[in-house]
Each structure stands twice: as C-alpha cells, then as structure tokens.
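Visitor: here are the coordinates; sequence isn't available:
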C-alpha cells in the first residue's frame, strides 16, 4: 500500500477559474476527510465521507466547494470561481472504521495558489 | 464546540536542552494525537494516546495524556536539530462522525 495519494501536488490558477483535486485513500479505509491548512495555522476540517456518503460538512465549505466520493474509493474536491482567499494547502486523510490503532493517514496535500 | 490550544506557539531551543509543549482541549475527548509537519510537507503521525495516564515514547519525544485536566504534553529530551518542525496536537470524539480538531501548532527551532 502506497498510502494516501493526492493529485496534483501544486496548482496555480487565476481568480474565477474552477479547480478540482483528487484523493486516493488507503484501499481498505472506508473513511475519507478533507482539510484545509493556511500558512501558520493548523488544518481545518472541511468534510468527511464514510464510504460514498458525505456525512458532515464544515461551515467553511461554502457553496463554491463540492466534494464527492462516488464509489466509496477516491474522492474529488472542486472549488468553483476561485478566490484569493482559497489559496491554501488542501489535505486529504483516510481512516478505517474499527481500526484499533485509530489512525488517520494524511496525504501529501495539494497546494493551491490563486493569482 | 471542541477547541484545542497549544503553547507555546514558537519555541527556540538549543541542542541538548529539554522542553515541553502543552496541549489543552476544551471538552471531553476520546483520543489525543500528536503530529509533526516539516515545511511544505504533510502531517506525520507521532503518537496516539487513548486513555488517561497514557504515556508513549519514541526516541527523544515522549507524550502523555491527562484526561481529567484535558491536557497532553509532548516532552523533548536533549533536542537535536533534526527535531526542528511544527508539532500539532489534535483530538477527536467517537460519535456519528469522527474528525480531528487540530491545535494551532508549535513551531520548534532547535539551534546548534
């Protein structure tokens, strides 16, 4: 298992454009999380999936943000009409329900810069 | 709402010295996590603390948990430059959803 994969690693986009990020979790993990981290801050929770169901969304997830996990495997996070304030590192994590180690494994992140 | 606070926010220390990072959280939590983050990198799991009085050690780092005080500590023994990084604590709660709530982080700079 290669861990949690995120693509792309870096994305530079012009304000107003749409962007989409992908996360491939560890294959046996049924829970998937998206976090956003701005410079000098801790990661902030955005949303959470258990299998294909999106069970919780943060207030931070405005209408311009949408996340999917259509087959309970990989997930996508789309940001429409990007704004400069969207510039951040977007982190994906996965975990397994019932895992006795209670571990969350994080991906390498996608760094978004909106110019 | 569950809140997590760390102090100090920035710690500059000399090699060979000892120091402690503190993590306070606001409400009952089920698990306490410590992560390390290098600049521009993702989060590396260090410790998961599951119960009151739990203590875990790895190399020069030791983490402990006091659930009654809602306090966890990360103790650094005889610091070396390679420990320079940002350290985050995080908590989660068992329930309808599990999610990690992170502290603000402690930037550790170990000077030779």
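Guide: Sure thing, it's come through. Fair warning: this is a prediction, and the values are worked out from it, not measured in the lab. Residues are numbered from 1 along each chain as shown, chains lettered A, B, ... in the order given.

Visitor: hey, let's count contacts and neighbours off CA atoms from now on
Guide: Noted.

Visitor: give me the mean pLDDT for the host helix or strand of residue A:78.
Guide: Here residue A:78 sits within strand A:75-79, counting by DSSP states H and E. Throughout strand A:75-79, pLDDT has a mean value of 98.

Visitor: adjacent strands (with direction) for that strand?
Guide: strand A:19-24 (antiparallel), strand A:65-68 (antiparallel) (DSSP bridges).

Visitor: what residues does chain A have near chain B?
Guide: For chain A, the contact set with chain B under C-alpha under 8 Å from any C-alpha of the partner chain comprises A:33, A:40-45, A:48, A:55-56, A:91, A:101-103, A:105-109.

Visitor: again, only this time at 10 Å
Guide: Proximity of chain A to chain B (C-alpha under 10 Å from any C-alpha of the partner chain) is limited to residues A:31-35, A:39-50, A:55-56, A:89-93, A:95, A:97, A:101-111.

Visitor: quick one on the thing from earlier: next secondary structure after the strand holding residue A:78?
Guide: Assignment by DSSP H and E places the next element after strand A:75-79 at strand A:88-95.

Visitor: give me the mean pLDDT for that next one.
Guide: pLDDT averaged over strand A:88-95 gives 95.

Visitor: before we move on, what about stretch B:24-39?
Guide: 88.

Visitor: ok, now stretch B:4-18?
Guide: Mean per-residue pLDDT for stretch B:4-18: 94.

Visitor: quick one, strands of chain B?
Guide: Ranges of strands within chain B are B:4-7, B:10-14, B:19-25, B:31-37, B:43-49, B:55-58, B:61-66, B:71-76, B:85-92, B:101-102, B:106-111, based on DSSP state E.

Visitor: possible to save those as a markdown table with distance to residue A:77 and mean neighbour count?
Guide: Converted to a markdown table, the strands of chain B look like this (distance: least, C-alpha to C-alpha, whole Å; neighbours: other C-alpha atoms under 10 Å in any protein chain shown):
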| stretch | distance to residue A:77 | mean neighbour count |
| --- | --- | --- |
| strand B:4-7 | 26 | 20 |
| strand B:10-14 | 32 | 15 |
| strand B:19-25 | 29 | 20 |
| strand B:31-37 | 23 | 21 |
| strand B:43-49 | 19 | 20 |
| strand B:55-58 | 35 | 14 |
| strand B:61-66 | 34 | 20 |
| strand B:71-76 | 33 | 21 |
| strand B:85-92 | 23 | 24 |
| strand B:101-102 | 20 | 24 |
| strand B:106-111 | 29 | 19 |
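
Visitor: let me know which of these is the nearest to residue A:17.
Guide: strand B:43-49 (28.4 Å; C-alpha to C-alpha).

Visitor: listing partners with orientation, what would you give for that closest one?
Guide: As assigned by DSSP bridges, strand B:43-49 forms pairs with strand B:31-37 (antiparallel).

Visitor: and the angle for the partner strand with strand B:85-92?
Guide: Angle, strand B:31-37 to strand B:85-92, by axes from the mean of the first three to the mean of the last three C-alpha atoms, to 10 degrees: 160 degrees.

Visitor: relative to strand B:106-111, how tilted is strand B:31-37?
Guide: Using the same axes, to 10 degrees: strand B:31-37 against strand B:106-111 is 50 degrees.
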